[in-house]
Every structure is written in C-alpha cells, then in structure tokens.
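Student: give the three-dimensional model of this entry:
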Amino acid sequence: MNDRAPTLPAKGIGFAVSCYVGWGVVPIYWKGIIDIPASDALIPRILWTLVVMWIAAIATGRGRENWTRSKRDWALTAVSAVLIAANWGIFVYAVQHSQIVATSLGYYITPLMSILFGLVVLGERLSRVHAIATALAAFGVATMAFREGEVPWIALMLAVTFSLYGLVQKLHPQPPLAGLTREMMVLAPVAILGLVHLLTQTDSRFAQATVSEHAYLAFSGVVTAVPLLLFHAATRHLPLVAVGMFQYIGPTITLAIATFLFKESFSGARAIGFGLVWIGLVVFFIDSIRRVRAASRRQDESLAFS
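Tutor: Next up, the predicted model:
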C-alpha cells in the first residue's frame, strides 16, 4: 500500500493558481469604472463574455456543444443564468461602493454555504467535520452582524447566489465551456434591450461614456472568460477536490487588495468574524486533504489487486 500523497501535475497547478489569482485581482478592474452603475456595467459584460466564449468554442472546435434542443436544458440554463447575473451585479456594486472586504467574506463562506444546500436540497449527509466548519463560519458571520449592527448582506447574497448556481450546475450538468456560453445566450436578448435603452437615454452615464471607456467595458468579456477557461483547464489536469483546495487564493488576494490598496476598514468585529470563518475553512481544508489522500490510497490498492 502506498501512503504517499498524490502528486499533482505542475501544469494543472499552474492553471488553478492562475485562475484564482485572476479572480482575486478582478476588483482592481471594476474599480476603474466606478462612476458607471453596476446594472449598466453588467450589460456589456454579458455581451462581451458571450463573444469571447463563442470565439473560444470555435477555436477549440466545440461550437456545436453550445446548442441543445432540450427545453428542460434551456429552462435550467435560464435559472443558472439569472443566478450568475445576480452574482456579477452584486459583486460589481460592492466593489464600486467600497465593500470589497464583504466580497472576500462572501467567497470565503461560499464552500460552506454549498455544504448547507447539499444537505437541504440533495439530502447529502453532513459529516462531523463539515458541521463544525459550517457552525464556525455561521458564528463568524453572526458575530460581525451583532458587533457592527447590520447583517453582511453583500457577503451572504454573493455566497447564496454562487452556491445556488453551483447547485443548479450539479443538478443539470453541461459541457463546461458550453454552460456559460448558453447562459450568456439566454441573457443576451435582455442585455441587448438594456443596451438599446441605455443608448437612447442621452442623459445616462453609459450613453455619455467615452470611446476609451467603452473599450474598457468591452475588456470585461476577457476579464470574465479567461479565469473561467483557466479553471476548466485546471479541472482537466487535476481532481476537482484538488482544484477546490486552491479556491481560497482568490478571496485572500481580494482581502489584501481591499485593506492595503483601497484602504477599506477592517474593524475588530470583522477581524473576529473573519477569524472564525478562517478557522472553519482550515478545518474544512484539512478534511479535504485527508479525503484526497484516502481516495488515492483506495485507488492504489485497487490497482495493486487488479
């Protein structure tokens, strides 16, 4: 029996780290258009992401995967599209209103929120370790709410929308790249109507944007799509559990950017709350490593006896 931890491919690690670093620094990009409302910025993000994803699909010979005749597929795609659009809108709003620390908290607690949805919706069993980790995170959020006198709704809404998005993806598996492309295809008609409306409102900030500002907004398609493409590249080279171990890189970088670059407040209440969340995540992380090693040992044993 081999007790060594599994060796992860360097290429896969590179893709995973690049992906989460990209997601971690993205608040810097959205800070660059702080005077354009989040709802307005969401429209070009949807349309340009659709363009980039179609280019990627054609370049990789997967264009046909973007189409399906199943009404059920399109209905569930519409649900996931609304969830991801809401998540994007809340995130940009938070960045523009100096709530980047809250976005960091939201993505820290997302994995634990996903555990709760798995328990409630899918009837999955909650292990003792997961129960402890989730309870610590919940206590951390409650501490911040009590000490600061308000519920951290931005963090909670980000966690809820993204966890529900992940739940829909689990209930309705799709080809990786085609999934987001279909979601943007569903949102595109609404986005186009919104774009026409904004351009006809001559007093709107979007209509008054300069050519360079529109070019900046067009780049949001790349900012959105590239980390996702790196994520799917990582999943092709690493076990999904291993990819998940890198997910805390993103919110950690985001928290550092919020506190050191944009000088957002990190009060004592937040420090206590984040501390409890981090302890919960350490428990969760150690358990994930244990599960990866156990799965590796079982695989080695099955190969040895085959």
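Student: so where's the chain shaky on pLDDT?
Tutor: The chain contains residues with pLDDT under 70 at 1-8, 240-242, 292, 295-306.
Student: centre-most residue in it?
Tutor: Phe162 (6.3 Å; Cα atoms, centre = their mean).
Student: work out for me the element it sits within.
Tutor: Per DSSP states H and E, Phe162 falls inside helix 153-171.
Student: mind giving me the packing neighbours of the helix or strand that comes right after that helix?
Tutor: Using DSSP H and E, the helix or strand that follows helix 153-171 in sequence is helix 176-200. For helix 176-200, the packing partners by 3 or more Cβ pairs under 8 Å, 6 or more residues apart in numbering; DSSP states H and E come out as helix 38-59, helix 71-96, helix 220-237. Backbone N, C-alpha and C define where each C-beta goes, glycine included.
Student: change it to 10 Å
Tutor: Counting contacts by 3 or more Cβ pairs under 10 Å, 6 or more residues apart in numbering; DSSP states H and E, helix 176-200 is packed against helix 38-59, helix 71-96, helix 153-171, helix 220-237.
Student: so which of those helices gets nearest Ala209?
Tutor: helix 38-59 (9.0 Å; Cβ to Cβ).
Student: now that closest one: buried residues?
Tutor: For helix 38-59, a neighbour-count test (16 or more other Cβ atoms under 10 Å) marks 38, 40-50, 52-54, 56-57 as buried.
Student: alpha carbons only: can I get the strand or helix carrying Ala133 in PDB?
Tutor: Ala133 is part of helix 128-148 when elements are defined by DSSP H and E. Output of helix 128-148 as PDB, limited to C-alpha atoms (Å, rounded to 0.1, in the frame of the first residue of the first chain):
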ATOM      1  CA  ARG A 128     -18.900  16.000  11.800                       C
ATOM      2  CA  VAL A 129     -16.000  17.900  10.300                       C
ATOM      3  CA  HIS A 130     -18.300  19.800   7.900                       C
ATOM      4  CA  ALA A 131     -20.800  20.500  10.700                       C
ATOM      5  CA  ILE A 132     -18.000  22.100  12.800                       C
ATOM      6  CA  ALA A 133     -16.600  24.100   9.900                       C
ATOM      7  CA  THR A 134     -20.100  25.400   8.900                       C
ATOM      8  CA  ALA A 135     -21.000  26.300  12.500                       C
ATOM      9  CA  LEU A 136     -17.800  28.200  12.900                       C
ATOM     10  CA  ALA A 137     -18.400  30.200   9.700                       C
ATOM     11  CA  ALA A 138     -22.000  30.900  10.700                       C
ATOM     12  CA  PHE A 139     -20.900  32.100  14.200                       C
ATOM     13  CA  GLY A 140     -18.300  34.300  12.500                       C
ATOM     14  CA  VAL A 141     -20.900  35.900  10.300                       C
ATOM     15  CA  ALA A 142     -23.300  36.300  13.200                       C
ATOM     16  CA  THR A 143     -20.500  37.900  15.300                       C
ATOM     17  CA  MET A 144     -19.900  40.600  12.600                       C
ATOM     18  CA  ALA A 145     -23.700  41.200  12.300                       C
ATOM     19  CA  PHE A 146     -24.000  41.700  16.100                       C
ATOM     20  CA  ARG A 147     -20.900  43.700  16.600                       C
ATOM     21  CA  GLU A 148     -21.400  46.000  13.600                       C
END
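Student: tilt between that helix and helix 153-171?
Tutor: 150 degrees (axes from the mean of the first three to the mean of the last three Cα atoms, to 10 degrees).
Student: who are the packing partners of helix 128-148?
Tutor: Secondary elements touching helix 128-148 (3+ Cβ pairs under 10 Å, 6+ apart): helix 100-120, helix 153-171, helix 268-305.
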